[in-house]
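**Q** Quick one, fold the following:
(chains A and B)
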Amino acid sequence: MNTAIEQRQHWMSVLAKAPVDELLGLSEDAIKEVSFDVIRAPEVGLTQVRARMGNKGERFNLGDMTLTRCVVRSSLDTLGYSYIAGRHKDHALRAAQLDALLQDPQMGEVIMDRVVRPIETLLLEAEAKKRRETDATRVDFFTLVRGED
Amino acid sequence: MYVAVKGGEKAIRAAHELLARRRRGSEEQPELAVAQIEEQLSLAVDRVMTEGSVYDPELAALAIKQAAGDLVEAIFLLRAYRTTLNRFYSSEPIDTDAMQVERRISATYKDLPGGQVLGSTFDYTHRLLDFALLAEGEAAESNTEEVEERVEESMVRVSQLLEQEGLMVHETDTESEPADITRDPPTYPSDRSARMQALVRGDEGFLLALGYSTQRGYGRNHPFAGEIRIGEVDVSIVPEELGFEVEIGSIQVSECEMVNGFTRLEDGEVKFTRGYGLGFGQCERKVMSMALVDRALQADKYDEEIKSPAQQEEFVLSHCDNVEAAGFVSHLKLPHYVDFQSELELIRRIRKAEAAAQEEDQS
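**A** As a prediction, this is how the structure comes out:
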């Protein structure tokens, strides 16, 4: 059970962070094979972002961020949910549809291959690029030898 | 007597049309796109998000465009928009230990685990105007040599190093529900969580000046920039209908942990004290100022004499919000015709009475 939840947390995270154009492009075809009822149409709201003093002390409210959420039911009888940072309704709708499909054993494998894994690769590449850029600004201290040897 | 004054609608409409034309500027120049502001004026966007209290770079960029670059006005616009949205969730606390770091420096240790990473910074620039930027269409040349992937060395926090040696006071979590000043305005004395929230939203200039004042002796607390971090952190929520944690995306934050002067605590031990600053996007000056003021406001906790502005909670919290401050200052522009009439009458009466008294004296 735990692993099922962990798997779902993983794909929901990937879908939430996906660049929207790539997400829509990669999932365009797969989505056509199934029909969906919209249970909760994409709606934009806020999430209060919390933090901790010194990252481990008392919690406090840092501010809000925008968020779009959506719920759909697929014709495979699975419920798909999405909670996506920002105000992109198409992104939220598609992520909810994909969440519904990913819960179906057969469709799930297809979506993992065609959508989730490619996007994950993109995200990892973007992260690695950023890390390289950052790494180039790392300070390498050296000490000048003074006096005679 | 109350006199309703009407009229001026036509003038107001014309003024707003003129504002729109002035904002657009000369038609010979292409119009500025919101996406350009988001990408190329990102530090302005970050300030508007932090003080406007909504993380949404596109909305902040739109507000900056609409306000013609007046950031306090843009913050006001974003705050106003915020009130039109429902708040669905409160996130789990973000974890800055797990940050994908874009900048990390420490002024207390030269060599520390994870190293000093400068990131994109104005530090060490010569502050000479770069006339190359005047020439259009010149992209900065990218000559970043490929850096070989380093062995991932975890970035241990400076505060953690000091805590382990027992040299710094601990931040402890009592799991008390944090105050929310957007729902319950702060009362005094207030909770530190309310103070932190107010400081994040507080005006950068005001907090910078207060932080500076502590360095100049008005509430001295001997700060070291223990650690400054900027980078991306994940945000997650636990929706009731699912019952487990879900990541909704990531946000960029800036964080500052000040190591402040040591003091003898109630238990007799001598330890460094600390101040904390956190904000949306890249806002290093803001989070440093915030950390200084956060520490100054802990004066009471450490039995320090409260005699300087930065140490006075009610003074700081009730004046740090630039939307409130601008509102109250701006209200002076509203018609005060009747108020002023009564003042005029009063001053005339006083002067007339004094003149009459003087005449009597002379006669």
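**Q** residues near residue 116, how many?
**A** With no chain named, the answer covers chain A. Applying other C-beta atoms under 10 Å in any protein chain shown, we find 22 residues neighbouring residue A:116. From N, CA and C alone the C-beta is placed, and that goes for glycine too.
**Q** actually it's chain B I care about, not the one you picked
**A** Residue B:116 has 18 neighbours, counted by other C-beta under 10 Å.
**Q** Please report how far it lies from residue B:107.
**A** Here the criterion is C-beta to C-beta, to the nearest Å. By it, residue B:116 lies 10 Å from residue B:107.
**Q** Then residue A:113?
**A** Distance from residue A:113 to residue B:107, by C-beta to C-beta: 49 Å.
**Q** More neighbours: which of the two?
**A** residue B:107 (15 against 11).
**Q** Could you verify that that one is part of a strand?
**A** No: if the criterion is DSSP: H, G, I helix; E, B strand; the rest coil, then residue B:107 is coil and not within a strand.
**Q** Surely it and residue B:223 touch.
**A** No: the pair residue B:107 / residue B:223 is not scored as a contact, 9.5 Å apart, by C-beta atoms under 8 Å.
**Q** Name the surrounding residues that touch stretch A:140-148.
**A** B:110, B:111 (C-beta atoms under 8 Å, 6 or more residues apart in numbering or on different chains).
**Q** Sketch out the low-pLDDT regions of the chain for me.
**A** Because you didn't say which chain, this covers chain A. Along chain A, the parts satisfying pLDDT under 70 run over A:1-2, A:143, A:148-149.
**Q** switch to chain B, that's the one I care about
**A** Looking at chain B by pLDDT under 70, you get B:1-5, B:137-152.
**Q** Let me see the ranges of the helices in it.
**A** Applying DSSP state H to chain B gives helices spanning B:9-24, B:34-40, B:42-52, B:57-66, B:71-82, B:158-164, B:192-201, B:204-215, B:284-296, B:313-319, B:322-330, B:337-362.
**Q** same deal with chain A?
**A** A:2-17, A:20-32, A:89-102, A:105-111, A:117-135.
**Q** With just CA atoms, put the lengthiest strand in chain B into CSV.
**A** Longest strand in chain B, counting residues (DSSP state E): strand B:246-264. Backbone C-alpha positions of strand B:246-264 (Å, rounded to 0.1, in the frame of the first residue of the first chain) are rendered in CSV as follows:
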residue,chain,number,x,y,z
VAL,B,246,1.5,16.0,-2.6
GLU,B,247,4.2,18.3,-4.1
ILE,B,248,2.6,21.1,-6.0
GLY,B,249,5.8,22.6,-7.5
SER,B,250,8.9,24.5,-6.4
ILE,B,251,9.6,28.1,-5.5
GLN,B,252,12.7,30.1,-5.2
VAL,B,253,13.5,31.6,-1.8
SER,B,254,16.3,33.5,-0.1
GLU,B,255,17.3,32.7,3.5
CYS,B,256,19.6,34.4,6.0
GLU,B,257,20.7,33.1,9.3
MET,B,258,22.5,35.7,11.4
VAL,B,259,24.7,34.6,14.3
ASN,B,260,24.3,37.3,16.9
GLY,B,261,26.2,38.3,20.0
PHE,B,262,26.4,35.8,22.8
THR,B,263,24.6,36.2,26.1
ARG,B,264,24.3,34.3,29.3
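**Q** near chain A at all, that strand?
**A** Yes: part of strand B:246-264 sits near chain A under the criterion C-beta under 8 Å from any C-beta of the partner chain, namely B:246, B:247, B:248, B:249, B:250, B:251, B:253, B:255, B:257.
**Q** Determine which two of these are furthest apart.
**A** B:246 and B:257 (28.9 Å; C-beta to C-beta).
**Q** More neighbours: which of those two?
**A** Higher neighbour count among residue B:246 and residue B:257: residue B:257, with 30 against 22, using other C-beta under 10 Å.
**Q** can you pull the contacts of that one?
**A** Here residue B:257 is in contact with A:54, B:157, B:158, B:159, B:226, B:227, B:228, B:274, B:275, B:276, B:277, B:291 (C-beta under 8 Å, 6+ apart).
**Q** run the last query once more with 10 Å
**A** A:53-55, B:96, B:106, B:108, B:157-160, B:162, B:168, B:171, B:224-229, B:274-278, B:287, B:291 (C-beta atoms under 10 Å, 6 or more residues apart in numbering or on different chains).
**Q** List only buried entries from those.
**A** A:53-55, B:96, B:106, B:108, B:157-160, B:162, B:168, B:171, B:225-229, B:274-278, B:287, B:291 (16 or more other C-beta atoms under 10 Å in any protein chain shown).
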